[in-house]
Structure formats: C-alpha cells, structure tokens
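J.: Just the structure for this:
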Amino acid sequence: MRIPVRLAAYRLKRISKTRDYRHAYTAGTKLSTQLLKIYIVGSLLGCTRLGIVVGRRVSLKAVVRNRIKRVIRHWFSQHLPAALRNSYDIAVVVRPGAARENCSASLHIDLETVLKKWPL
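T.: Numbering: from 1, shown residues only. Sure thing, here's the model as predicted:
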C-alpha cells in the first residue's frame, strides 16, 4: 500500500522509534511544568520531530488521551516553526492531571511557559 506524499512527509516529522525516545530521555535537556515533561535533543536529520506520550495514568479513556495529543500537536504546529533555527527531537510526556475539564487552556499555558524557558 502506497502512502500519499502529503501523509508521508507528515509522518517523517514524528518520533516513532523507541530508541529515539530513549535518546531524547537520556541525552536531552529536560524542561518540566505542572502538566508536562519535555525532553529536547539536537537532531542531524534536518527536520524537527515531535513525539507525544500520554499514558493511561492520564486518563483511561482513549478519546481523552487522543484529544490531549491533538491539542499539543496543534500548538507545536502553530508556534514552533517560527521559533526554531536548528532541528530537534522533542519528546513530550504528559503527566496525570492534564485530563481536567479545561485541559486545552492549561496545556497551552504550560507550553508557552516551556517555550520561554527553552534556549533556542
């Protein structure tokens, strides 16, 4: 089965391999907020990749976990490209408590806080 070109390019921008996550966890810079842990490590691939981990501790409902991932992915697609000069691998680990009613606003505030802490 062939993947359409548009989707293939989109998939290249995600971290999918366990070894890439481990590399980000061990060699990366860690930035923490109340709801998120973000690991950032330089990449030689020429593009910035994003990986999002939302475990069952956050919510037992897959719908809620997928919504959190969509919110984070959308925020990064809107805010990050303008701020980057180099390519990075970014692993976002969502902590329990992110599944509250107003998770979108809380996640946006935490992501803004991280972007201010991050030395680009």
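J.: Distance from the chain centre to the helix or strand hosting residue 91, please.
T.: Using DSSP states H and E, residue 91 falls within strand 88-94. Chain-centre distance of strand 88-94: 4 Å, with CA atoms, centre = their mean, to the nearest Å.
J.: That one pairs with which strands, parallel or anti?
T.: strand 36-42 (antiparallel), strand 49-54 (parallel) (DSSP bridges).
J.: Determine which of these approaches residue 108 most closely.
T.: With CB to CB, the closest approach to residue 108 among the strands paired with strand 88-94 belongs to strand 36-42: 11.1 Å. From N, CA and C alone the C-beta is placed, and that goes for glycine too.
J.: Send me the closest one as PDB with only the CA atoms.
T.: The C-alpha trace of strand 36-42 is given here as PDB (Å, rounded to 0.1, in the frame of the first residue of the first chain):
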ATOM      1  CA  LEU A  36       4.300  18.200  31.000                       C
ATOM      2  CA  LYS A  37       7.800  16.900  30.900                       C
ATOM      3  CA  ILE A  38       9.600  17.900  27.700                       C
ATOM      4  CA  TYR A  39      12.900  16.400  26.500                       C
ATOM      5  CA  ILE A  40      14.700  18.300  23.800                       C
ATOM      6  CA  VAL A  41      17.800  16.900  21.900                       C
ATOM      7  CA  GLY A  42      19.500  18.200  18.800                       C
END
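J.: residues in contact with it?
T.: 23-25, 27-32, 86-95, 98, 107, 110-111, 114, 118 (CB atoms under 8 Å, 6 or more residues apart in numbering).
J.: ok, and the closest non-adjacent residue to residue 95?
T.: Once flanking residues are discounted, residue 95 sits nearest to residue 35: 5.4 Å by CB to CB, 6 or more residues apart in numbering.
J.: Show the model's pLDDT score for the one you found.
T.: The per-residue pLDDT reported for residue 35 equals 89.
J.: Same check on residue 81?
T.: 63.
J.: right, and residue 31 touches residue 114 too?
T.: Yes. With contact defined as CB atoms under 8 Å, residue 31 counts as touching residue 114 (5.0 Å).
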